[in-house]
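Colleague: Model the structure of this input:
(2 chains)
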2 protein chains.
Amino acid sequence: MLPFARVAIVGLGLIGSSVARAVRQTMPTVRLTGHDADPDVRAAAVALELCDDVADQAGAAVTDADLVILCVPVGAIGAVAAELAADLAEGVVVTDVGSCKASVARALAEVLPGVAIVPAHPVAGTERSGPEAGFATLFQGRWCILTPTEGSPPEAVERVAAFWGRMGAEVELMDPDHHDRVLAVTSHLPHLIAYTIVGTASDLEEVTRSEVIKYSAGGFRDFTRIAASDPVMWRDVFLSNREAVLDMLGRFSEDLSALSRAIRWGDGDALEELFTRTRAIRRAVVEQGQDDAREDFGRSHP
Amino acid sequence: MLPFARVAIVGLGLIGSSVARAVRQTMPTVRLTGHDADPDVRAAAVALELCDDVADQAGAAVTDADLVILCVPVGAIGAVAAELAADLAEGVVVTDVGSCKASVARALAEVLPGVAIVPAHPVAGTERSGPEAGFATLFQGRWCILTPTEGSPPEAVERVAAFWGRMGAEVELMDPDHHDRVLAVTSHLPHLIAYTIVGTASDLEEVTRSEVIKYSAGGFRDFTRIAASDPVMWRDVFLSNREAVLDMLGRFSEDLSALSRAIRWGDGDALEELFTRTRAIRRAVVEQGQDDAREDFGRSHP
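Modeller: Numbers count the residues shown, from 1 in each chain, chains lettered A, B, ... in the order given. Below you'll find the predicted structure:
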């Protein structure tokens, strides 16, 4: 049985358009409507045939839906939900795909009182943005974390879980605050650091930007991928998950100071001990299917 | 014409064994000898048929060679060169593949007076180590930086350049100190940061290691690859290029503090401005052929 029959996707970027493609592939009889605030994105969505119908107004896209998925930057979720609140159907379930969950749960509860809300976060993505960047298998084998609140009806949680399971994701339930701390370390801090180092490297006087790019295969290029992620999405993530991000950043800075002290004092044993320990983490990531087992991420070699 | 006819490789790990394979493929008539201090590595090299002859002593491997390539951790280069100095043939050229060049040039000049020395650094590698990890195309399309000193004969520099060109690398000449500053930012700092964040993430109380691994697809997994690199090699790099690494680390820390202040004060414009700028760097890295143009590094999606 299909968990939902009429799904509306609001926001048709990388994630929204991937959901659309995954629904088409795994639940082909679902009636799919969509909306994006950007007319160019709507035109692209029509050309790509992502949905049965792409509406110019968010309200028109959701009016008949039994599931509404908000795929917009987390800072915009409250405003977008408020805009379409009056058009929601009786019995609808509203969910999202945002990378922070406590702030999203608060924003949705405020503007959609009485509505069944199940905040969700599929831990998946690429460095690309926009409706052309999505693909149907983006969520396969990845985790989707649901963070139901006290007001989330258990039956709605089960249906949203089944929906993500259909698209190939593994589903986990988590407390919203714990989610925000876990993701602060596995996703937000890595992005923050990648953005910073790419900025640092491109702003040196004595090493030119063209040298940085030319010799990036020594490690730097790995960071540029993450630092190419959507600017508005990530601006909102850092502002919405501020406390957890700053806390993790503080711990990281402490560790970095300790390592820099070890380098200054020539403490090779401390360096080697850490570098041996981190190698084991990589092995676990690969063993648990969370990254490509092929060397160098499986990058193509001529 | 072949730049060298008898090549000896000392150190048969990822890089040394890749050089052996590349020589076999691109200069098949070269007589290839090899040595590694580790008997298990020597046995593997024999089983893999990496060289015409694998010697138990470094001296025996180099005695007849017109090119000797030292492929050992930078901290060991001086001692290894001293060990084989007495066995070098008249007219030999000695080179290396180390990631720091000023300290290597000093160490080699000290223990090999009067020998033609051409320090080199192929900017290429993967997270794997050992003789099984190498492959013949590792250097194709990558840069190899030569840092000749005042004592390097121009003719020897030309031959080493031709040797790397044969294996598919682009060759560039650079001053050793400038090399060490460029690589501090494009390679050493990224590794230091990746090692640190993977260490930080695996040492939290409130987020378990298994959660970190499970949700690593949010960005963290990109860092684990680099943090799986060879511990001894990287220990030596940080100790040998200490000043430049600590200087770049200082600049990075300043930028990180500025970004953390922007998050604390909710300065979304500053965040978005940086994140937009870093996106352009990624584009340049891909356009200049220094990374896979396919999204997500070309990782396989089911």
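
Colleague: can you give me the strands in chain A?
Modeller: With DSSP state E as the criterion, chain A has strands at A:6-10, A:31-35, A:53-54, A:67-70, A:93-96, A:116-118, A:120-122, A:143-146, A:170-173.

Colleague: What pairs with the fourth one, parallel or antiparallel?
Modeller: Looking back up the chat, that one is strand A:67-70. strand A:6-10 (parallel), strand A:93-96 (parallel) (DSSP bridges).

Colleague: Out of those, which gets nearest to residue A:56?
Modeller: When these are compared for distance to residue A:56 using C-beta to C-beta, the nearest one is strand A:6-10, at 12.4 Å. Quick note: C-beta positions are derived from backbone N, CA and C, even for glycine.

Colleague: average pLDDT across the closest one?
Modeller: Averaging the model's pLDDT scores along strand A:6-10 yields 98.

Colleague: what ranges do the helices span in the stretch 51-200 of chain A?
Modeller: All helices of the stretch 51-200 of chain A, identified by DSSP state H, counting those that start in this stretch, fall at A:58-62, A:77-84, A:102-111, A:154-166, A:176-183, A:189-201.

Colleague: cool, the stretch 201-302 of chain A as well?
Modeller: According to DSSP H, counting those that start in this stretch, the helices that the stretch 201-302 of chain A contains are A:209-214, A:220-226, A:231-240, A:242-264, A:268-287.

Colleague: Which among the ones you listed is found nearest to residue B:157?
Modeller: With respect to residue B:157, and counting by C-beta to C-beta, the nearest of these is helix A:209-214 at 19.7 Å.

Colleague: Run through the neighbouring helices and strands of the closest one.
Modeller: The contact analysis (3 or more C-beta pairs under 8 Å, 6 or more residues apart in numbering or on different chains; DSSP states H and E) places helix A:209-214 against helix B:268-287.

Colleague: Can you name the residues bridging to residue A:6?
Modeller: As assigned using DSSP bridges, the partners bridged with residue A:6 are residue A:31.

Colleague: sorry, back to before: quick one: the strands paired with strand A:67-70 as CSV, columns for mean neighbour count too.
Modeller: As requested, those are arranged in CSV below (neighbours: other C-beta atoms under 10 Å in any protein chain shown):
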stretch, mean neighbour count
strand A:6-10, 27
strand A:93-96, 26
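
Colleague: so what's residue A:285 up against?
Modeller: Under the criterion of C-beta atoms under 8 Å, 6 or more residues apart in numbering or on different chains, the contact partners of residue A:285 comprise A:291, B:213, B:216, B:221, B:224.

Colleague: Those: which two are farthest apart?
Modeller: Largest separation among those by C-beta to C-beta: A:291 and B:213, giving 9.8 Å.

Colleague: okay, those two: which has more neighbours?
Modeller: Higher neighbour count among residue A:291 and residue B:213: residue B:213, with 24 against 21, using other C-beta atoms under 10 Å in any protein chain shown.

Colleague: picking up where we left off before, generate TSV for the strands of chain A, with distance to residue A:102 as supplementary columns.
Modeller: Putting the strands of chain A into TSV (distance: least, C-beta to C-beta, whole Å) gives the following:
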stretch	distance to residue A:102
strand A:6-10	21
strand A:31-35	26
strand A:53-54	32
strand A:67-70	16
strand A:93-96	13
strand A:116-118	13
strand A:120-122	11
strand A:143-146	13
strand A:170-173	15
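
Colleague: right, so of these, which gets closest to residue A:284?
Modeller: Scanning those with C-beta to C-beta as the criterion, the closest one proves to be strand A:143-146, at 15.0 Å.

Colleague: how far does that closest one sit from the chain's center?
Modeller: The chain centroid and the centroid of strand A:143-146 are separated by 10 Å under C-alpha atoms, centre = their mean, to the nearest Å.

Colleague: For it, enumerate the helices and strands it packs against.
Modeller: Applying 3+ C-beta pairs under 8 Å, 6+ apart, we find strand A:143-146 packed against strand A:120-122, helix A:154-166, strand A:170-173.

Colleague: which of the residues in stretch A:41-56 are buried?
Modeller: Buried residues in stretch A:41-56, defined by neighbour count with 16 or more other C-beta atoms under 10 Å in any protein chain shown: A:41-42, A:44-45, A:48, A:50-51, A:54-55.

Colleague: my bad, stretch A:198-210
Modeller: For stretch A:198-210, the neighbour count (16+ other C-beta under 10 Å) marks A:198-202, A:204, A:207 as buried.
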